[in-house]
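Chemist: Sequence and predicted model, in that order:
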Amino acid sequence: MSPRRTDATMTGAGHRHRYDAIVVGARCAGAATAMLLARRGLDVLLVDRARFPSEVPHGHYIRQHGPPRLAAWGLLDRVLATGAPAITSITMDLGDFPLTGRGLVVDGVPVGVAPRRAALDQVLIDAAIEAGAEFRDGFPVHDLMFEAGRVTGIRGRGGLTERARVVIGADGRNSRVAKRVGASAYASHPTLACWYFAYWSGVAWEGLEMYLRGRRMIFAHPTNDGLVAVFVGWPIAELPAVRPDIEAQMMAVVDRVPDLSQRVRSGRREERIYGAAQLPNFLRKPYGPGWALVGDAGCHKDPARALGICDALRDAELLADSLTASLSGERAEAEALGEYERRRNEATMDDYEANLRAARFSPPAPEILQARAAARGNPHAMAQFCLAWEGRITRRTPAAELYQPPRA
């Protein structure tokens, strides 16, 4: 059944809805949701307070199911065309030894890609506009409108209002939409780690690199404009010691990996150092009468395992499925959106728990170390280990079985 159009949709009070959906927040979760809904024939308004293209100081490595999803949407080539190189190798050192998997391409899709956020978000926004969504940047949402307990629209600058059958909060972990509707949080854990990162030019790279050094973690990967991004994480309790001289503290950790240190120190830092020290972990109830949440607004995690973007893209698709069913009249709203929450949680909870362990800098499970040792020196086995780690092997293999994180 095709979705109903909005020009004949009225509220109980007789007010005309102009849109099927208004999406608040045009970053990766919101733009992807708007694109998918518009591709299904819905009238969509996508708004954001920022002007685009616009950078945001967040991590931006896309892994696991993210690259295949971009490919399925016809957008992976566009992302690569921004100058973000395909990542087809991973070097991982968990404090035991460096293990490198190469040739990490499955069905023509690389294991990872790490576009700067200005590039990624613009690709998704352009795709949403091409699908028929209306886009307004520089449009802050100051409040929501309600009728009889149901969200019916948004109120912007100067009292401008827009109505919709559903308002979607894709406005980040401090979501104004979530606060206004009183969305409850659960499975919550406070900030566990702090992260700082910057971009260097002139650094030789092969792919993604990750190193665990005691209670320190390093990630490095190539991105747009020939730059390499280097991220360093510490337990949040060490923030007071890190903050007074962040660059020295970062490089002291990088120096624990001599090869990486030599390459980074031979390059040049091109931008200031960015950081994040407010990284709560939670899931929120992602729906209610006339509203839904997606991306960090609905589930926020420490960046320890770089799950933010790939999960945002997945949840955009899950939400679009449920909203299409609801807005078409195929299923009742509460039933359809309840299914969205169930599918989201089912897809994310194991990774969520594993991410908490990573953000605590917990030592690797013995099974992981055993699997790495068994693969050492065998190029095929090392590649299979890395693909299993990335969730890109669908058949059951010893490496894939060993990777499954233990239940808490």
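Modeler: Nice, thanks for sending it over.

Chemist: so where do the helices sit in the stretch 201-350 of the chain?
Modeler: Along the stretch 201-350 of the chain, counting by DSSP state H, counting those that start in this stretch, helices occupy 239-242, 246-254, 258-266, 308-327, 333-359.

Chemist: The longest one versus helix 308-327: what angle between them?
Modeler: So the one you mean is helix 333-359. 170 degrees (axes from the mean of the first three to the mean of the last three C-alpha atoms, to 10 degrees).

Chemist: Find the residue closest to the most centrally placed residue in the chain in space, skipping its chain neighbours.
Modeler: The centroid of the chain falls nearest to residue 309 when counting by C-alpha atoms, centre = their mean (1.7 Å). Take residue 309 and drop its neighbours on the chain: the residue closest to it by C-beta to C-beta, 6 or more residues apart in numbering is residue 62, 4.9 Å away. For the C-beta atoms, the positions are set from N, CA and C on the backbone; glycine is no exception.

Chemist: and the one you found, what does it touch?
Modeler: 70, 112-115, 120, 306, 309-310, 313 (C-beta atoms under 8 Å, 6 or more residues apart in numbering).

Chemist: Now go through those and say which are in strands.
Modeler: Those of the contacts of residue 62 mapping onto strands are 112-113, per DSSP state E.

Chemist: quick one on the thing from earlier: go through the helices of the stretch 201-350 of the chain and name the closest to residue 43.
Modeler: Evaluated with C-beta to C-beta, the helices of the stretch 201-350 of the chain place helix 308-327 nearest to residue 43, the distance being 9.8 Å.

Chemist: Tell me which residues touch residue 144, please.
Modeler: By C-beta under 8 Å, 6+ apart, the neighbours of residue 144 are 151, 153-155, 167, 177, 180-181, 291.

Chemist: Show me which of those are buried.
Modeler: Buried members of those, counted by 16 or more other C-beta atoms under 10 Å: 151, 153-154, 167, 177, 180-181, 291.

Chemist: Please identify which two of the residues you listed are farthest apart in space.
Modeler: Maximum distance among the buried ones among the contacts of residue 144 (C-beta to C-beta): 13.0 Å, for 153 and 181.

Chemist: any low-confidence regions in this protein?
Modeler: When residues are selected by pLDDT under 70, those of the chain lie in 1-17, 394-408.

Chemist: about what we covered before: the residue nearest to residue 309 and residue 362, how far apart?
Modeler: Distance of residue 62 to residue 362, given as C-beta to C-beta, to the nearest Å: 24 Å.

Chemist: pretty sure the residue nearest to the centre of the chain contacts residue 65?
Modeler: No: the pair residue 309 and residue 65 does not pass the contact test of C-beta atoms under 8 Å, sitting 10.6 Å apart.

Chemist: So which residues of the stretch 51-200 of the chain form strands?
Modeler: Taking DSSP state E, counting those that start in this stretch, the strands of the stretch 51-200 of the chain run over residues 86-87, 90-93, 98-101, 105-106, 109-110, 112-113, 134-136, 141-147, 150-156, 161-169, 185-189, 193-201.

Chemist: Point out the most buried one among those strands.
Modeler: Of all those, strand 112-113 has the most neighbours on average by mean count of other C-beta atoms under 10 Å, namely a mean of 26.

Chemist: Which one of the buried ones among the contacts of residue 144 is nearest to residue 268?
Modeler: Taking those together and measuring to residue 268 by C-beta to C-beta, the closest member is residue 177, at 41.0 Å.

Chemist: any idea how far the nearest residue to that closest one once chain neighbours are set aside lies from residue 21?
Modeler: Among residues not flanking residue 177 along the chain, residue 169 sits closest, at 2.8 Å (C-beta to C-beta, 6+ apart). Going from residue 169 to residue 21 by C-beta to C-beta gives 12 Å.

Chemist: In contact with residue 124, which residues are there?
Modeler: When contacts are counted by C-beta under 8 Å, 6+ apart, residue 124 touches 28, 31-32, 35, 75.

Chemist: ok, now with 7 Å
Modeler: 28, 31-32, 35 (C-beta atoms under 7 Å, 6 or more residues apart in numbering).

Chemist: related to what we said a few turns ago, turn the buried ones among the contacts of residue 144 into JSON lines, including distance to residue 325.
Modeler: Listed next are these as JSON lines, based on distance: C-beta to C-beta, whole Å:
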{"residue": "151", "distance to residue 325": "19"}
{"residue": "153", "distance to residue 325": "22"}
{"residue": "154", "distance to residue 325": "23"}
{"residue": "167", "distance to residue 325": "18"}
{"residue": "177", "distance to residue 325": "22"}
{"residue": "180", "distance to residue 325": "25"}
{"residue": "181", "distance to residue 325": "21"}
{"residue": "291", "distance to residue 325": "17"}
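
Chemist: Just name the closest of those residues to residue 273, please.
Modeler: Using C-beta to C-beta, the buried ones among the contacts of residue 144 come closest to residue 273 at residue 177, 31.1 Å.

Chemist: my read: the closest one touches residue 170, true?
Modeler: No: judged on C-beta atoms under 7 Å, residue 177 makes no contact with residue 170 at a distance of 8.3 Å.

Chemist: what do these two both touch?
Modeler: 24, 297.

Chemist: nearest to residue 50, of the strands of the stretch 51-200 of the chain?
Modeler: strand 134-136 (11.2 Å).

Chemist: Which neighbouring elements make contact with that closest one?
Modeler: Applying 3 or more C-beta pairs under 7 Å, 6 or more residues apart in numbering; DSSP states H and E, we find strand 134-136 packed against strand 44-47, helix 117-131.

Chemist: What residues sit buried inside the last one?
Modeler: The neighbour-count check on helix 117-131 (16+ other C-beta under 10 Å) flags 117-129, 131 as buried.

Chemist: Any idea how far it is from the middle of the chain?
Modeler: Taking C-alpha atoms, centre = their mean, to the nearest Å, one finds helix 117-131 lying 15 Å from the centre of the chain it belongs to.
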